[in-house]
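**Student:** mind looking at a prediction? Sequence and model below.
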Amino acid sequence: VTSLLWGPASNDVIRAEFRVDEQSLAERALLAQIPPEAGVVADDRFASYLSTREGFFILGGLYDHPYPINYMIYEDTPVGFPAHPPALLGAPGGEGWQVPRWELLGSTGLTELRRKSGTVGARPLPQPPVFEGGVVLRGATGHGNPLAAAPGQRLEIALVWENCGTDLPRLVPFLQLIQRQGEAEHRWASVDREPYGGLFPTDQWWTGSVVGDIYALDLPPWLAPGEYELRAGLYTREGQQRLALPDGATTALVGTVAVADPLPLAEDQLPPVPIQIGQHLAEGLQLYGQNPILEQAPAGGVLDVTLYWRATAPLAQPHEVRFLLAPEEDSAPAASWQRSLAREQDSATAWPPGAVVAGWYLLPLAPDLPPGRYDLFVTAAGEDTIADQPLHLVTVQVERP
C-alpha cells in the first residue's frame, strides 16, 4: 500500500526521489550496514528498500509492535517527526525505565542511520514535578542514591517526560549541575537540546505520550570534591522562556552527584579557564585562574568570585583563602573575608600535585559601605604559614543600594 500511495510510481515528484544517483547510492550504502535479522524503523521513502524485512516498521506509522528495533534511518528535517517507538516508553519496570541510547553510524545529506547501543536507567520520581502546560518529569537517572563521579567524567542522564497537556510548543529540556550556598546557586555544568536532537519535537507529542531521552553532562576537570544537585527544566525554543513549576521555580531537583577527589593533571592537560593567572600565593599552591568578576556592586550586595587553584606540591595542612577589600589607592582594608579553598568540608590536603580545583566564594558587602572604587585582593595561607603579598583581582565600583 505504501508503494502504491507514496512509492516511486505515485507521481513525478516522488519518482525523482527514487532515481539512481550519488545520493541514492550513498543511502543504499547506509542501508547495507543493517544486518538482515535486525529490526529497523525508517521513513516511508525507504519502504521499497526495506519491505522484505520481517522487522521493518515505518517511522511514525506504527506504535505497538512485538519486534525489537535496533536501527533507525530517517531524513532529518527541520520539523522533525511525530514520536514513534524508539522514543516512546511504556510503564516503568521494577527498576524504572530503560531509555535507549542511539549512536550515529553514518549520514549522507540529511539522511542519518543510528543504531541502538544499550540503555540508560531512569527511576520514577516519587513526586513528579509538573511544569506549566502539563509537562511532567516522570523519571531521571540519579534519583535515590547519589551518582558517583570523578572530575572530568561524562555522565549519561536519562530524563523521562509525559505530556499531560495539549498543544505543546517546541520545548528544550535542560539539565544542570548545581552547587548551593544558602539561597544562592552556582552552575558548574549544563546541557540542553530538543528531544533526540530535534528529531521528535514536543509540539508533536500527543496527550499521554511518555518520551525518554539521554543527556551527556560533562563534568569540568577542575570540579571540587563534594555533593552537587542535578536539576532539570524546560524552556521554549522560541523566546527561550523557562516553564515554571507551581511554586514559581523553573528547575526541579532530580538527583545528586558525589564528586570524588581531584586527579593530577600534566602540564599539557591543564584545562582552559576564562582568566589565567598562574601566581603562587602559598608554598605548593598556585592561583591558576579566575572567572570574570562584576566590576559594579551595590552596598549590601554580594561579590560573586570563582577562583581556580592548582596544587604544585603536597599540602601538609589545611589552607584558607583570605580576601581584602580596600578603597582604591588606600591600603587600609574596608572589609575582609576568610574561606576554605574549595568546599567547606574540604581541607585540600588530599589534592595531589598537579590537580586544578575550583572554589566558589560569596563575599557580602556591608549595607553601610560608602560608595566608591575598591580594590579586591586575595591571598592564601596554611595554619602555620605566613600569607604572601596579596594579589589584586579586580577593582569594584560600589554604589548606593
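**Tutor:** That came through, no problem. Residues are numbered from 1 along each chain as shown.
**Student:** list the buried residues of stretch 368-379.
**Tutor:** Neighbour-count burial for stretch 368-379, with 16 or more other Cβ atoms under 10 Å as criterion, is recorded at 369, 374-379. Heads up, the C-betas are built off the backbone N, CA and C, glycines and all.
**Student:** now Ser190. Its backbone dihedrals?
**Tutor:** Backbone torsions of Ser190, given as degrees, to the nearest 10, read phi -160, psi 160.
**Student:** for it, what are its contacts?
**Tutor:** 174-177, 217 (Cβ atoms under 8 Å, 6 or more residues apart in numbering).
**Student:** check the gap between it and Arg231 for me.
**Tutor:** 9 Å (Cβ to Cβ, to the nearest Å).
**Student:** work out for me the element Val396 sits within.
**Tutor:** strand 391-399 (DSSP states H and E).
**Student:** the strands in the stretch 301-401 of the chain, which residues?
**Tutor:** 302-311, 319-327, 335-340, 356-364, 372-382, 391-399 (DSSP state E, counting those that start in this stretch).
**Student:** please disregard the earlier target; I meant the stretch 51-200 of the chain.
**Tutor:** Using DSSP E, counting those that start in this stretch, strands in the stretch 51-200 of the chain cover 56-58, 71-75, 97-108, 111-124, 130-131, 135-140, 147-149, 154-163, 171-181, 184-192.
**Student:** in the contacts of Ser190, find the pair that's most separated.
**Tutor:** Spanning the widest gap among the contacts of Ser190 are Phe174 and Leu177, at 11.3 Å by Cβ to Cβ.
**Student:** quick one: the lengthiest helix in the chain to strand 97-108, angle?
**Tutor:** If you go by DSSP state H, the chain has its longest helix at helix 22-31. Relative orientation of helix 22-31 versus strand 97-108 (axes from the mean of the first three to the mean of the last three Cα atoms, to 10 degrees): 140 degrees.
**Student:** burial measure for Ala216, as a count.
**Tutor:** Look at Ala216: counted by other Cβ atoms under 10 Å, it has 12 neighbours.
**Student:** any idea of the pLDDT on it?
**Tutor:** Model confidence at Ala216, given as pLDDT, is 95.
**Student:** do the same with the one 3 residues further on
**Tutor:** The predicted local confidence for Leu219 comes out at a pLDDT of 96.
**Student:** got it, and Arg45?
**Tutor:** As predicted, Arg45 sits at a pLDDT of 77.
**Student:** related to what we said a few turns ago, tabulate the CA atom coordinates of the longest helix of the chain in CSV.
**Tutor:** Below are the C-alpha coordinates for helix 22-31, written out as CSV (Å, rounded to 0.1, in the frame of the first residue of the first chain):
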residue,chain,number,x,y,z
GLU,A,22,25.1,9.6,-5.9
GLN,A,23,22.7,10.4,-3.1
SER,A,24,20.6,7.3,-3.5
LEU,A,25,23.7,5.1,-3.8
ALA,A,26,25.0,6.6,-0.6
GLU,A,27,21.7,6.0,1.1
ARG,A,28,21.8,2.3,0.0
ALA,A,29,25.3,2.0,1.4
LEU,A,30,23.9,3.1,4.7
LEU,A,31,21.1,0.6,4.5
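**Student:** off-centre distance for that helix?
**Tutor:** 34 Å (Cα atoms, centre = their mean, to the nearest Å).
**Student:** list the buried residues in that helix.
**Tutor:** Under the neighbour-count criterion of 16+ other Cβ under 10 Å, helix 22-31 has 27, 30-31 buried.
**Student:** before we move on, back to that, for the strand holding Val396, name the packing helices and strands.
**Tutor:** Packing partners of strand 391-399 (3 or more Cβ pairs under 8 Å, 6 or more residues apart in numbering; DSSP states H and E): strand 275-282, strand 296-298, strand 372-382.
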